[in-house]
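Asker: Sequence and predicted structure are below.
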Amino acid sequence: EPEVTQTPSHQVTQMGQEVILRCVPISNHLYFYWYRQILGQKVEFLVSFYNNEISEKSEIFDDQFSVERPDGSNFTLKIRSTKLEDSAMYFCAVKGDSSTDTQYFGPGTRLTVL
Amino acid sequence: AQSVSQHNHHVILSEAASLELGCNYSYGGTVNLFWYVQYPGQHLQLLLKYFSGDPLVKGIKGFEAEFIKSKFSFNLRKPSVQWSDTAEYFCAVNAETGFQKLVFGTGTRLLVSP
């Protein structure tokens, strides 16, 4: 039983367009994360979200990126003006409150920027 | 800053061969250690994790890993691999406290030939 799902599974967009990637946790989780994996490269942390605010972000997470949890359920990642180099797999992860809880990853969204 | 090194980028084994994948990390504090697996076309799944206690941890599908604190290592082992173990394996680390973003290694692509 998956802890988290993501939509869409694949998104193709033109450079400069806005995209919104969605993460839907199945169970109650308190910590939310976005990671990305550029083809052939390692998984990189983008941002963590706790208590309805960003708790930590990487240098990759610049002003073009934003996250929110508008309805208390879906957790979204928005890229305002996509660039070619944003093409990657984007993974959402969720975790409970304990420091020993596992981060569960969603199936990912493959973003292709043309 | 945390970093993770995986020395083997590609490993090719025959079925029934033994497997050991190296992982070293760099971090000044106490860490949690993980191995995730990504089967072709699927999302990241947790193989095993170490938080504290017995440094030899057992995970799913016959995998185990040993935490050697003095060597900053967390090598993954399996005594006898199967064709179905063909996947990419990622070592990851996070801090024991805080928002616990995961820092991943570059991954090891394992191909098991039948």
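Answerer: Okay, I see it.
Asker: Write down the beta-bridge partners of residue A:92, one by one.
Answerer: Residue A:92 has these beta-bridge partners by DSSP bridges: residue A:34.
Asker: and it, how many residues sit next to it?
Answerer: 27 (other C-beta atoms under 10 Å in any protein chain shown). For every residue, glycine as well, the C-beta is placed using N, CA and C.
Asker: swap in the one 10 residues further on?
Answerer: Around residue A:102 sit 17 other residues, with neighbours defined as other C-beta under 10 Å.
Asker: from memory it sits against residue B:46, does it?
Answerer: Yes. Counting by C-beta atoms under 8 Å, residue A:102 does reach residue B:46; the two are 5.5 Å apart.
Asker: Return the residues of chain A in contact with chain B.
Answerer: A:31, A:33, A:35, A:41-45, A:48, A:50, A:55-56, A:58, A:91, A:93, A:95, A:99-100, A:102-108 (C-beta under 8 Å from any C-beta of the partner chain).
Asker: Show the buried residues in those residues.
Answerer: A:31, A:33, A:35, A:42-45, A:48, A:50, A:55-56, A:58, A:91, A:93, A:95, A:102-108 (16 or more other C-beta atoms under 10 Å in any protein chain shown).
Asker: circling back to that earlier point, which residues are in contact with each of residue A:102 and residue B:46?
Answerer: residue B:34 (C-beta atoms under 8 Å, 6 or more residues apart in numbering or on different chains).
Asker: which residues does the residue nearest in space to the middle of chain A contact?
Answerer: Centroid-nearest residue in chain A: residue A:34, 3.3 Å away (criterion: C-alpha atoms, centre = their mean). By C-beta under 8 Å, 6+ apart, the residues touching residue A:34 are A:21, A:23, A:46, A:47, A:67, A:77, A:90, A:91, A:92, A:93.
Asker: Please identify which of the residues you listed is nearest to chain B.
Answerer: residue A:91 (6.6 Å; C-beta to the nearest C-beta).
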